[in-house]
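Enquirer: Okay, here's the prediction I keep looking at, along with the sequence it came from:
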Amino acid sequence: MTVRTTALIAGVIGVLLLAAGLIADAQRPPTEVSAVAELTTAVVVYEPEMIAFAEDSTIGVEGKGDLVAVTARPADADAWLAEHEAIQVTGLPEWEVLATAPYGVDAATSASPSPSASPSAEASAASSDEPSASASPDASASPEPEVDLLADTSEDHWRDQWDGTDRLEITASDVAEGETLVVMSRDGSALASTDVGFEREVNDGWITPLIWWGAVLTVIGLIALILRFIDLRPAQAKYEEWTAKRQRTGDVDAELGTRRARRAAGEHLPEASLDEPDEPASAPTPDTGATPATGSTPATPSSPTEPGSATTPDPDTDTHEEGRS
Amino acid sequence: MNRLIAASGVAVASALVLTGCVAEVPAPVTSAPPMTESAALLEAQSTRIVDATMKELAAADENQDAGLLTDRVGGDAVTIRKAQYTKATGDETPVALPADQQAVYASAADTWPRTLATVSAQASEDETPVIYLWVQDSIDADYQMRGWAHMIPGATVPAMPGTTTGSEQLSLDDDSLDPTAHAVLGDYLSLLREGPGAELNDAFVEDSYRDQLFTARDTLTDAAEEQDGEYMDTVESRTDSTYVMGTADGGALVFAPIAITSSFTVEDATVSIPKADEPLLDGELDDKVTHHYLDMIVMSIPGPDSDAKPAVVAADHNLIKVSGE
């Protein structure tokens, strides 16, 4: 396998890695996620366990008109909620979904906490969303009594209060520990939804390196592919010619007596000895085993200027000779 | 086609890998964290209640109209204040009730009725602080001020739990007190009926309230005898309106309204009453006149580890009606 083939294979792998990395980057799950539940009642409840679960998250509630959130001791909230239809948020089954249940129903005993509203609840919500259709044609009809869910009963037991219009946000950590959070629409109309923003851990640290590695390998493969279609032999010839010309120029100018001058004269220079120091005769002997057989330098005998080395027996010589013969 | 399949494979693989990159949904919090302040009312809540009460009371005082005492003042307090407005003529105003409070005692109760008590600041050197009592009958009802009593000179209110825990709401027959609040109150009423010579006189700390009652009884008895008449009074408790709050040492603070009637009868003569009491006269005066009082006493029952005696720490003697025959 040539270098070019290897580079082409690396390029194909790079393309795959790059594609996987880019797709993964595009599909990267967000760190901040909002879990949502639809609501069909005018009151939604976050009990102390759920408030503790939310920690520093932001709790949002959407509805029409004036919204108000209040906190109370669980016993007081329970007593107030006993006379009001409410939905409580019970948990987080999935990152994007809040589980809900009718308040007062033990979440553990319910079949499966689901964020979707029951059909009957949807029907009541739809009817409450259309007050104008029936009210506007008959202006002479007796006006419905104005409802204020908060003020219709005592407010003495509520501890903290937040107000908003159409959307209300409360940081869970602003609710005192152990207290129940009750959010309601003042006019008694059904709330639309509630959400809790969570920050989750996403192990996506591998995506960026994957993209970079894919890009590098793709570039390598691309270069190999381009070189496959370009004839470089003229350029190579030019280069070799230029190199040879440069070497000749250097040899002419070499100073007499120097290594360059001797090399230019065709003299073989002694090579450094790696043999034992007590065999001085073998020091200049070239290692016949390491000398390429096809090289221009004769393997044996050594140069006549070094007769000692020619007669020095080399224990490995026979083997090498046999190997070459 | 193959490219499409390959691209889809990469996309699906990336999505699967990314799905595994998201952390699991955190485990739910299964137990509610304890409340830092479990009293039924925190300082801000009790301040709102007291301020609303004093505002309503001030408006009624200004107009000398008990009809304005609707939301925050109720029960015996309205009856007493109405009588005071009736007695007040010209520039005379009923006894001022201090609006500033120096101590607030909230109940820890999860049930109803529950109470709130305060000790006012001292309005002047001539007046002792006033102990107020508020009652909330249900979750839907506002706290209402139901009674008050000026402190007995030299008396001290026992230490009460703060808002961290709140005061225990006890019943009259709660056996955590030995003897029960009902028994102690019954003994005190027996003492009031029997007079200073009763054996029970030593069972209670001396107080100016019963001293004045006994003194008035002796004076009126002597006056009636001089006219060949008769003086008789009755002392009845109103247990339905009596409330008991636990103190820090395991004792109790009992808020007890007491109905007292004193009848003065003369032979062959017509009784007369002080001019100040005439606005409260119902009927014609002849040989008998009956004064109706609605008193409020606040009694301290020491804890089980204390050697102290029960003591009346605050009491007011309120004339509400004079009836003739």
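Expert: Yep, it's here.
Enquirer: Quick check: the gap between the residue nearest in space to the middle of chain B and B:R146.
Expert: In chain B, the residue lying closest to the centroid (CA atoms, centre = their mean) is B:L133, at 2.6 Å. For B:L133, the distance to B:R146 equals 5 Å [CB to CB, to the nearest Å]. Placement of C-beta: from N, CA and C, glycine included.
Enquirer: How about A:R186?
Expert: Remark: distance between A:R186 and B:R146 (CB to CB) = 30 Å.
Enquirer: how about the closest residue to chain A within the stretch 151-300 of chain B, what does it touch?
Expert: Closest to chain A within the stretch 151-300 of chain B is B:G166: 9.9 Å, counting by CB to the nearest CB. Going by CB atoms under 8 Å, 6 or more residues apart in numbering or on different chains, B:G166 touches B:S38, B:A39, B:A40, B:L41, B:A106, B:S107, B:A108, B:A109.
Enquirer: go on, B:E267?
Expert: B:Q227, B:D228, B:G229, B:D287.
Enquirer: Can I get the buried part of these as one PyMOL selection?
Expert: Buried residues among the contacts of B:E267 (16 or more other CB atoms under 10 Å in any protein chain shown), as a PyMOL selection:
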select buried, chain B and resi 229+287
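Enquirer: returning to that earlier point: who has more neighbours, A:R186 and B:R146?
Expert: B:R146 (23 against 19; other CB atoms under 10 Å in any protein chain shown).
Enquirer: Could you give the number of residues near the residue nearest to that one when sequence neighbours are not counted?
Expert: Leaving out its chain neighbours, the residue that sits closest to B:R146 by CB to CB, 6 or more residues apart in numbering or on different chains is B:G75, at 4.0 Å. Other residues lying near B:G75 total 17 when counted by other CB under 10 Å.
Enquirer: same question, A:R28
Expert: 14.
Enquirer: that's a strand at the residue nearest to the centre of chain B, yeah?
Expert: Yes. According to DSSP: H, G, I helix; E, B strand; the rest coil, B:L133 belongs to a strand.
Enquirer: Show the pLDDT at it.
Expert: Model confidence at B:L133, given as pLDDT, is 98.
Enquirer: ok, now A:E83?
Expert: 92.
Enquirer: Confirm for me that it is in contact with B:S138.
Expert: No. Judged on CB atoms under 8 Å, A:E83 makes no contact with B:S138 at a distance of 10.0 Å.
Enquirer: okay, those two: which has more neighbours?
Expert: Under the criterion of other CB under 10 Å, the comparison of A:E83 against B:S138 puts B:S138 first, with 12 against 9.
Enquirer: Distance of that one relative to chain A?
Expert: 8 Å (CB to the nearest CB, to the nearest Å).
Enquirer: and that residue, that one's in a helix?
Expert: No. Secondary structure of B:S138 (three-state DSSP): coil, not part of a helix.
Enquirer: Any idea which residue of the stretch 51-200 of chain A lies closest to chain B?
Expert: Closest approach between the stretch 51-200 of chain A and chain B, counting by CB to the nearest CB: A:G178, at 3.3 Å.
Enquirer: Just the helices from the chain, written as ranges.
Expert: This is for chain A. A:3-26, A:48-54, A:74-81, A:119-128, A:131-135, A:207-228, A:233-252, A:259-264, A:307-311, A:317-324 (DSSP state H).
Enquirer: sorry, should have said chain B
Expert: Taking DSSP H as the criterion, chain B carries its helices at B:2-21, B:43-63, B:76-87, B:181-194, B:208-226.
Enquirer: can you tell me which of the contacts of B:E267 lies nearest to A:E255?
Expert: The closest of the contacts of B:E267 to A:E255 turns out to be B:G229 (CB to CB; 157.5 Å).
Enquirer: quick one, what contacts B:D61?
Expert: B:T93, B:P94, B:A96 are the contacts of B:D61 under CB under 8 Å, 6+ apart.
Enquirer: what's the pLDDT at B:A269?
Expert: For B:A269, the predicted pLDDT is 87.
Enquirer: ok, how many other residues are close to it?
Expert: 12.
Enquirer: which residues touch B:A155?
Expert: Per CB under 8 Å, 6+ apart, neighbours of B:A155: B:D207, B:S300, B:A311, B:V312, B:V313, B:A314.
Enquirer: what do you get if the cut-off is 6 Å, keeping everything else the same?
Expert: Neighbouring residues of B:A155 by CB atoms under 6 Å, 6 or more residues apart in numbering or on different chains: B:V313.
Enquirer: for it, phi and psi?
Expert: Per-residue torsions, B:A155: phi -80, psi 160 (degrees, to the nearest 10).
Enquirer: do you know how far it is from B:A248?
Expert: 17 Å.
Enquirer: what do you get for B:D233?
Expert: Distance of B:D233 to B:A248, computed by CB to CB: 36 Å.
Enquirer: Compare those two (neighbour count), which wins?
Expert: B:D233 (19 against 14).
Enquirer: Identify the bridge partners of that one.
Expert: B:S262 (DSSP bridges).
Enquirer: ok, now which ones touch A:D204?
Expert: A:R28, B:C21.
Enquirer: for B:S190, that is, sorry about that
Expert: Applying CB under 6 Å, 6+ apart to B:S190 gives the contacts B:L200.
Enquirer: likewise B:A159?
Expert: With CB under 6 Å, 6+ apart, B:A159 has these contacts: B:A248.
Enquirer: redo that, cut-off 7 Å
Expert: Going by CB atoms under 7 Å, 6 or more residues apart in numbering or on different chains, B:A159 touches B:T247, B:A248, B:D249.
Enquirer: any idea which of those is closest to A:E240?
Expert: Of these, the one sitting nearest to A:E240 (CB to CB) turns out to be B:A248, at 104.8 Å.
Enquirer: What pLDDT is listed against the closest one?
Expert: Here the pLDDT value assigned to B:A248 is 95.
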